[in-house]
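Trainee: Sharing a model prediction with you, sequence too.
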Amino acid sequence: MTKKIRLSLSAMLFACFSVQVTAQIPFGACATAGPTQSGRSFLLNQRIGPVNGNCLVIDANNVTIDLNGFGIRGTGAGTGIRVQPGRTGVVIKNGTITNFDRGIFGQQASVRVTNVSVNSTGTNTIDNGIELGFGSQVINSRVTGGGSGILVAGNALIASNVVRRSGNGIVCGGSSTAPVGGCFVRDNQTEGADTDGILVFGAGGVIRGNTVVGSGDEGIAILGFGNLVQGNSVQQSGSIGLFANIGSNVRDNVVIASGDEGMIIECPSLVESNAVNDSGVTAPGTPNLRLNGAGCLRPNNLAP
């Protein structure tokens, strides 16, 4: 009898624990998740909007917002989803945010965004589509418009996203005056950025497998030191196709039809097995590949 009671009690505790872990709280309107909501998961059950101002505000840790395939629509002002400073473990996924000044904003928070589309409808330009703090991730998402399509501080993963018609496509690693390292930017596509397709300020990151087309200024600009820049494709940049700073490992990239130089590398760096062609579209006579300073190793490049 005692054994049966113990088994039944164990089963009940397991069932209760399972419900706590998997239960999602449905919602269908703009709201704030405060500190007492930490650790909870919320499931959107209908479209929201049009909203004048901020819609969702997250002021708790370890909160999941599942948009469940629905959208949040603004009127050109405010923020679609705002994560308050210092918050960590926040997940936002599976939906669309349209026509806010900022799509997702958590400049001083650690957030993971997956499978979200942030769009401008043309009535505004969006300040930044997705802007997040140190240690954040943006994966398999789409941004159209924005001052910067995706902007994340350092120690970040930005992977498998598509950014179109933004100011800068993807920006990672703080700023030129306060760079932050550890940017992992891979397998993204940027198209038609007004300025730079991909801009990295921090050191010690990996920029790999990205496709950048039609940037107004530089295709890929790596201002931080000691980054791996590998297997990227850059086409039809308005100025320099690919720039990398001192200590970079630049290999297996393809740069085609840049307005100015195809590739500029600051030495010492390793520059290996890159193909750079048809540069100088708007500045005839500029070189496909320019190495500044001494100490660069340059085996097996195709840069006639």
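Mentor: On my side now, so go ahead.
Trainee: Just the pLDDT for the residue found closest to Ala77 once you drop the neighbours it is linked to in the chain.
Mentor: Spatial nearest neighbour of Ala77, excluding adjacent residues (C-beta to C-beta, 6 or more residues apart in numbering): Asp101 at 5.4 Å. Bear in mind the C-beta positions are built from the backbone N, C-alpha and C, glycine included. For Asp101, the model assigns a pLDDT of 91.
Trainee: Count residues in the vicinity of Asp101, would you?
Mentor: Residues near Asp101, counting by other C-beta atoms under 10 Å, number 22.
Trainee: Do I have it right that it meets Gly76?
Mentor: Yes. Using C-beta atoms under 8 Å, Asp101 is in contact with Gly76, at 6.9 Å.
Trainee: Quick one: the strands in the stretch 201-304 of the chain, in order.
Mentor: With DSSP state E, counting those that start in this stretch, the ranges of strands along the stretch 201-304 of the chain come out as 206-208, 211-213, 220-222, 228-230, 233-235, 242-244, 249-251, 254-256, 263-266, 270-272, 275-277, 289-292.
Trainee: distance between the third one and the chain's centre?
Mentor: Spelled out, it's strand 220-222. 15 Å (C-alpha atoms, centre = their mean, to the nearest Å).
Trainee: for Arg112, what are its contacts?
Mentor: Contact analysis of Arg112 by C-beta atoms under 8 Å, 6 or more residues apart in numbering lists Val90, Val91, Ile92, Lys93, Ser136, Gln137, Ile139.
Trainee: of all the strands of the stretch 201-304 of the chain, which lies closest to Ala193?
Mentor: strand 211-213 (7.9 Å; C-beta to C-beta).
Trainee: Leu302 and Ala275 touch, don't they?
Mentor: Yes. Assessed by C-beta under 8 Å, Leu302 is found in contact with Ala275 at 4.4 Å.
Trainee: Look at the two and report which has more neighbours.
Mentor: Ala275 (19 against 12).
Trainee: Can you name the residues that contact that one?
Mentor: Asn253, Val254, Val255, Asn301, Leu302, Ala303 are the contacts of Ala275 under C-beta under 8 Å, 6+ apart.
Trainee: re earlier: show me which of the contacts of Arg112 is closest to Glu266.
Mentor: Nearest member of the contacts of Arg112 to Glu266, counting by C-beta to C-beta, is Ser136, at 28.3 Å.
Trainee: Could you pull up the contacting residues of the closest one?
Mentor: Ser136 neighbours (C-beta under 8 Å, 6+ apart): Gly106, Ala109, Ser110, Val111, Arg112, Val113, Val152, Ala153, Ala156.
Trainee: any idea how far Cys296 is from it?
Mentor: Distance of Ser136 to Cys296, given as C-beta to C-beta, to the nearest Å: 33 Å.
Trainee: Next: Gly129.
Mentor: As judged by C-beta to C-beta, Gly129 and Cys296 stand 36 Å apart.
Trainee: surely Arg298 meets Pro268?
Mentor: No. With contact defined as C-beta under 8 Å, Arg298 does not reach Pro268; the gap is 11.0 Å.
Trainee: Have a look at those two and say which one is more surrounded.
Mentor: Arg298 (17 against 14).
Trainee: Give me the nearest residue to the more buried one, chain neighbours excluded.
Mentor: Closest to Arg298 by C-beta to C-beta, 6+ apart is Val271, at 4.5 Å.
Trainee: how distant is stretch 179-186 from the center of its chain?
Mentor: For stretch 179-186 - counting by C-alpha atoms, centre = their mean - the centre lies 10 Å from the chain centre.
Trainee: which other residues reach that stretch?
Mentor: With contacts defined as C-beta under 8 Å, 6+ apart, stretch 179-186 is touched by 134, 152-160, 170, 172-174, 198, 200-210, 223-224, 227.
Trainee: Now a PyMOL select for only the buried ones of the residues you listed.
Mentor: In PyMOL, this line selects whichever of the contacts of stretch 179-186 come out buried by 16 or more other C-beta atoms under 10 Å:
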select buried, resi 134+152+153+154+155+156+157+158+159+160+170+172+173+174+198+200+201+202+203+204+205+206+207+208+209+210+223+224+227
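Trainee: what's across from Thr190 in the sheet?
Mentor: Beta bridges link Thr190 to Val163, Val212, judged by DSSP bridges.
Trainee: on that earlier part again, including mean pLDDT, could the strands of the stretch 201-304 of the chain go into CSV?
Mentor: Listed next are the strands of the stretch 201-304 of the chain as CSV, based on pLDDT from 0 to 100:
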stretch, mean pLDDT
strand 206-208, 98
strand 211-213, 98
strand 220-222, 98
strand 228-230, 98
strand 233-235, 98
strand 242-244, 98
strand 249-251, 98
strand 254-256, 98
strand 263-266, 98
strand 270-272, 97
strand 275-277, 96
strand 289-292, 96
